[in-house]
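Participant: Pasting the sequence and the predicted model now:
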Amino acid sequence: MTYSRLVRYLFAILCCSVAIPVLAEQAPVYEADSYPPFDGEVPASQASKPVQPSSVAVGDSAQLGAQQRLAHIEQQLRQLQSTDYPARLDALQNEVQTLRGQVEELTHKLQQVQSQQSTLYADLDKRLASKSVAAASASTNNIARDNDEEADKGTAASVVSKSSPVAAEPDVLTKPMVATTKSSSTQPDVIEEQQIYQTAYNLIKQKKYKDAVQVLQGMLRKYPAGQFAANAHYWLGELYGLMGKNTEALTEFNTVVKNYPDSPRVADAELKLGLLYVAQSKWAEAKTTFKKVITRYPGTASARLATEQLKQLKEAGH
């Protein structure tokens, strides 16, 4: 420690010995007479050059301003990301979920309508096929029955002509004439109604639904209480359903259910009412109608279809 302090002390003495002569040097002396008098103008050679502005300082300032603006923009972006962006993202996600739900609901409804349409077409084709077989069988039976009746009439006439006296012939012949007169007054109406119904049936097989509707409506106007009235109302309901006229179809099926309770078509008509309510998204009316079908017509195909429809409605949450 003593040695280092000694070295520093000697170094300080050396510096003082060098500095004292320099500080003690005399300032230069100038004679005033040797210089011209000052007239207020500075020689051009001694004029100070104008100080140029520092381009470095300006550049630094501009760079600093750009950095500040960039920092401000970044801060605003961070604020948007921290506050508004998540809210907007959540809103968009909610909207997408809502739209997805609506699409799924519409898809489900479309599938239901397509299924019902397929059921209607299949049922229509099945009924048309069975109807054609029944019509052919009925036609054969009618021909056979007519032949038998003609044979019976011929036999009875021959018996009467051989066994009855001549005086009795007017009375015997008068009664068949009266019966024949009644038959001729009623039978053409039944035949005409059947012919009109057959015409409508042929149009349905040809898928000329509008023409079939017009024919059936004309038949009902002419024979509102005819033997084919219940069937005509039922087929009108089927045709209106295929044409997308659900309101008219409901009216026709309701007519069958209310006005023709003993018709073989009544169970199917009430089932079709339930299917139309499903197509109109009237879930309560549809379920009530299907339950009526199951209760009123147990063991029938209509009751089985109504049970299946109730199961589908329950699975769909209706």
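Facilitator: In hand now; what should we look at?

Participant: what are the ranges of the helices in the protein?
Facilitator: Secondary structure of the chain (DSSP state H): helices located at 2-23, 55-82, 84-163, 169-205, 209-222, 229-242, 246-259, 266-279, 283-296, 301-315.

Participant: Rounded mean pLDDT for the fourth one, please.
Facilitator: So that's helix 169-205. Across helix 169-205, the average pLDDT comes to 61.

Participant: got it, and the fifth one?
Facilitator: For helix 209-222, mean pLDDT is 94.

Participant: could you give the angle of that helix to helix 246-259?
Facilitator: For helix 209-222 against helix 246-259, the angle by axes from the mean of the first three to the mean of the last three Cα atoms, to 10 degrees is 40 degrees.

Participant: Identify each buried residue in helix 209-222, please.
Facilitator: Across helix 209-222, burial judged by 16 or more other Cβ atoms under 10 Å covers Tyr209, Ala212, Val213, Val215, Leu216, Met219, Leu220. (Each C-beta comes from the backbone N, C-alpha and C, glycine too.)

Participant: From the residues you listed, pick the one nearest Ala316.
Facilitator: Closest to Ala316 out of these is Tyr209 (29.9 Å), distances taken as Cβ to Cβ.

Participant: Spatially nearest residue to Leu203, not counting backbone neighbours?
Facilitator: Distance criterion Cβ to Cβ, 6 or more residues apart in numbering; nearest residue to Leu203, sequence neighbours excluded, is Ala212 at 3.9 Å.

Participant: so the one you found makes contact with Ala200?
Facilitator: Yes - with contacts counted by Cβ atoms under 8 Å, Ala212 reaches Ala200, the gap being 4.8 Å.

Participant: what's the neighbour count on Leu110?
Facilitator: 10 (other Cβ atoms under 10 Å).

Participant: distance of it from Gly317?
Facilitator: In this view, Leu110 and Gly317 are 17 Å apart by Cβ to Cβ, to the nearest Å.

Participant: for Arg100, same thing?
Facilitator: Taking Cβ to Cβ as the measure, Arg100 and Gly317 are separated by 17 Å.

Participant: Pick out whichever of these two has more residues nearby.
Facilitator: A direct count of neighbours by other Cβ under 10 Å for Arg100 and Gly317 places Arg100 higher, at 10 against 6.

Participant: pLDDT wise, what is that one at?
Facilitator: On pLDDT, Arg100 comes in at 79.

Participant: Tell me how far it lies from Ala316.
Facilitator: In this view, Arg100 and Ala316 are 17 Å apart by Cβ to Cβ.

Participant: what about the chain, any weak spots by pLDDT?
Facilitator: Residues of the chain that meet the criterion pLDDT under 70 lie in 1-7, 9-64, 80-86, 114, 116-188.
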